[in-house]
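>>> Have a look at this prediction, sequence included:
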Amino acid sequence: MDYKIHSGCDRGLSCKGCGRQDKQLNTYDWLADVPGNAESTDLVEVQFKNTRKGYYHNVNGLDLHKGDIVAVEANPGHDIGVVTLTGQLVKLQIKKANLKGPDEIRRVYRLAKPVDMEKYEEAKAREHKTMIESRQIAKGLGLQMKIGDVEFQGDGNKAIFYYIADERVDFRQLIKDLAAAFHVRIEMKQIGARQEAGRIGGTGPCGRELCCATWMKNFSSVSTNAARFQDISLNPQKLAGMCAKLKCCLNYEVDGYIEASKKLPSKEIQLQTMDNEYYLFKTDILAGLCTYSTDKNLAANLETITAERARAIIEMNKKGEKPLSLLEDNKARSIEGSKDLLAGGDISRFDKAKKKKNKNNRNKNKGSKNGQQPTENNNVQPVESTPQQGQPNNNHQGQSNNNQQGQPNNNQQGQPNSNQYRNNRRNNKRNNNHNPEVKNDKQQ
């Protein structure tokens, strides 16, 4: 049997339904390849700068497709936009947009001409400079507002100023100053922090493009209760999005977590068994697992059971019964003894091995410092003698005792040389220690 590998539009995707990737709030038209879809209605969706969209009637019966640049009706003059959707899905988009009445739906004039595009490019080139100057004018008037963006109409006769303000702002004098400075009709639109993030765009911490810049148009309020229901740590840095507000995605799965949490036992209920009392320590909401501890505030003797097992034990406690343990098979929990982590290990394995020093070399070095010739231990002959009264220990052959009778003392005032005497005695002890025969004789 031969298998055919499908790719691209063969998998059921229509290339006509895909919009340009540089446009925000893009909608996939999954009805684009359906015969008669475009002719079913004359409504079209046109997108302007960033996330601003409008809906228009194709009264002239133009053959419009996704991506066409058109000139549409505006007040005053005309505006230039891009067709982003046609057919039956436009009606659904109008319902989502919550348009007040049919008067807000205007007409499509024509496909954009080269003259229209030249005026459009000239108007767009003025936007950034106008925004900087308008911020300086607002600052000079002492207004507590931030002008985030400026959008010129396609014909250059009107400019929309988007601003952010925490409180109500009286910008009547600002409108007069802006009209005198730029010689266009002024329109002020207040937006929130989420709308500003959608207009600017960006990438979220999830690695995807921002929802407010791709598909989300209506913003619902987000509270910290959504994070509590999902058992998420209340860390402001992790819960805040690019707009410095709570992430909109916290509301995506909160309903599922609320339904799953209803199946879990209450945290206030204690489980009583024959061996101990258990307190609810933590829960895995989606998996339906409960972890109990014998201490109310600390993690001690943790046991993880299912929510069904926990409810069964609660019913038994209500009847005055106590199971042997929290386990499913009702067996007593085995108490494990303490384990010795160092069992079978050498406790000195981390100690550094001491290097054995050569005592012979040390003797040679000390002998050379004292001006004496070093003697080899192998050539030393043991001498047996008993120490007499008033005389030091016997010396080796070839070494004289400075304290013997009848021999003159080289030191002045008849005193023995203490340094030489001390060195001779030290050498005698070292040589005797290295010769086992001398040790045996002394022991005998």
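All right, it came through fine. Model, not experiment: these values are computed from the prediction.

>>> hey, where'd the helices end up in the stretch 251-400 of the chain?
For the stretch 251-400 of the chain, the helices defined by DSSP state H, counting those that start in this stretch occupy 254-261, 307-318, 359-369.

>>> End to end on stretch 49-67, go ahead and measure it.
End-to-end distance of stretch 49-67 (CA to CA, to the nearest Å): 14 Å.

>>> how about it: buried residues?
Buried positions in stretch 49-67, judged by neighbour count with 16 or more other CB atoms under 10 Å: Asn50, Thr51, Arg52, Lys53, Gly54, Tyr55, Tyr56, His57, Asn58, Leu62, Leu64, Lys66. All C-beta spots, glycine's among them, are computed from the backbone N, C-alpha and C.

>>> what is the fifth one paired to in the beta sheet?
Right, the one you point to is Gly54. Gly54 forms beta bridges with Val46, as assigned by DSSP bridges.

>>> Mind pulling up the pLDDT for it?
Note on Gly54: pLDDT of 91.

>>> isn't it right up against Val72?
Yes - counting by CB atoms under 8 Å, Gly54 does reach Val72; the two are 6.9 Å apart.

>>> Now for these two: what residues contact both?
Val46, Gly81, Arg106 (CB atoms under 8 Å, 6 or more residues apart in numbering).

>>> Show me what the last one is bridged to.
According to DSSP bridges, the partner residues bridging Arg106 are Tyr56.

>>> what do you get for the second one?
Taking DSSP bridges, one finds Val70 as the beta-bridge partners of Gly81.

>>> Can you give me the neighbour number for it?
A total of 25 residues lie near Gly81 under the criterion other CB atoms under 10 Å.

>>> Adding pLDDT and distance to Ile186, write the shared contacts of Gly54 and Val72 out as JSON lines.
Output for those, formatted as JSON lines (pLDDT from 0 to 100; distance: CB to CB, whole Å):
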{"residue": "Val46", "pLDDT": "93", "distance to Ile186": "23"}
{"residue": "Gly81", "pLDDT": "94", "distance to Ile186": "21"}
{"residue": "Arg106", "pLDDT": "92", "distance to Ile186": "21"}
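
>>> Save the residues you listed as a markdown table, and put in distance to Gln136 too.
A markdown table is the format used below for these (distance: CB to CB, whole Å):
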| residue | distance to Gln136 |
| --- | --- |
| Val46 | 33 |
| Gly81 | 30 |
| Arg106 | 35 |
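
>>> Looking at the residues you listed, which is nearest His128?
Gly81 (20.1 Å; CB to CB).

>>> Let me see the contact set for the closest one.
Residues near Gly81 by CB under 8 Å, 6+ apart: Val46, Gln47, Phe48, Gly54, Ile69, Val70, Val72, Gly154.

>>> separation between it and Glu45?
In this view, Gly81 and Glu45 are 9 Å apart by CB to CB, to the nearest Å.

>>> again, but for Glu277
Glu277 is 63 Å from Glu45, where distance means CB to CB.

>>> before we move on, what about Leu89?
Distance from Leu89 to Glu45, by CB to CB: 8 Å.

>>> Quick check: neighbours shared by these two?
Joint contacts of Leu89 and Glu45 (CB under 8 Å, 6+ apart) are Thr27.

>>> The two: which is more packed in?
For Leu89 versus Glu45, the count of surrounding residues by other CB under 10 Å is larger for Glu45: 24 against 20.

>>> What sits closest to that one if chain neighbours are left out?
Leaving aside its sequence neighbours, Glu45 sits nearest to Leu85 (CB to CB, 6 or more residues apart in numbering; 3.8 Å).

>>> To which secondary structure element is that neighbour assigned?
strand 78-86 (DSSP states H and E).

>>> in the stretch 151-300 of the chain, which spans are strands?
For the stretch 151-300 of the chain, the strands defined by DSSP state E, counting those that start in this stretch occupy 158-164, 185-190, 271-272, 277-284, 289-293.

>>> which strands and helices sit next to the longest one?
Looking back up the chat, that one is strand 277-284. When contacts are defined as 3 or more CB pairs under 8 Å, 6 or more residues apart in numbering; DSSP states H and E, strand 277-284 packs onto strand 271-272, strand 289-293.

>>> How far away from the center of its chain is it?
Offset of strand 277-284 from its chain centre (CA atoms, centre = their mean, to the nearest Å): 28 Å.

>>> who does that strand pair up with?
Sheet pairing of strand 277-284 (DSSP bridges) gives strand 271-272 (antiparallel), strand 289-293 (antiparallel).

>>> Can you list the residue ranges for helices in the stretch 101-250 of the chain?
114-125, 127-140, 172-182, 193-200, 211-214, 225-229, 236-239.

>>> Using PDB, list the CA coordinates for the second one.
Below are the C-alpha coordinates for helix 127-140, written out as PDB (Å, rounded to 0.1, in the frame of the first residue of the first chain):
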ATOM      1  CA  GLU A 127       4.500  60.200  13.600                       C
ATOM      2  CA  HIS A 128       7.600  59.800  15.700                       C
ATOM      3  CA  LYS A 129       8.700  63.400  15.600                       C
ATOM      4  CA  THR A 130       5.100  64.500  16.400                       C
ATOM      5  CA  MET A 131       5.000  62.100  19.400                       C
ATOM      6  CA  ILE A 132       8.300  63.600  20.900                       C
ATOM      7  CA  GLU A 133       7.000  67.200  20.500                       C
ATOM      8  CA  SER A 134       3.600  66.400  21.900                       C
ATOM      9  CA  ARG A 135       5.200  64.900  25.000                       C
ATOM     10  CA  GLN A 136       7.200  68.100  25.600                       C
ATOM     11  CA  ILE A 137       4.000  70.200  25.200                       C
ATOM     12  CA  ALA A 138       2.100  68.000  27.700                       C
ATOM     13  CA  LYS A 139       5.000  68.300  30.100                       C
ATOM     14  CA  GLY A 140       5.100  72.100  29.800                       C
END
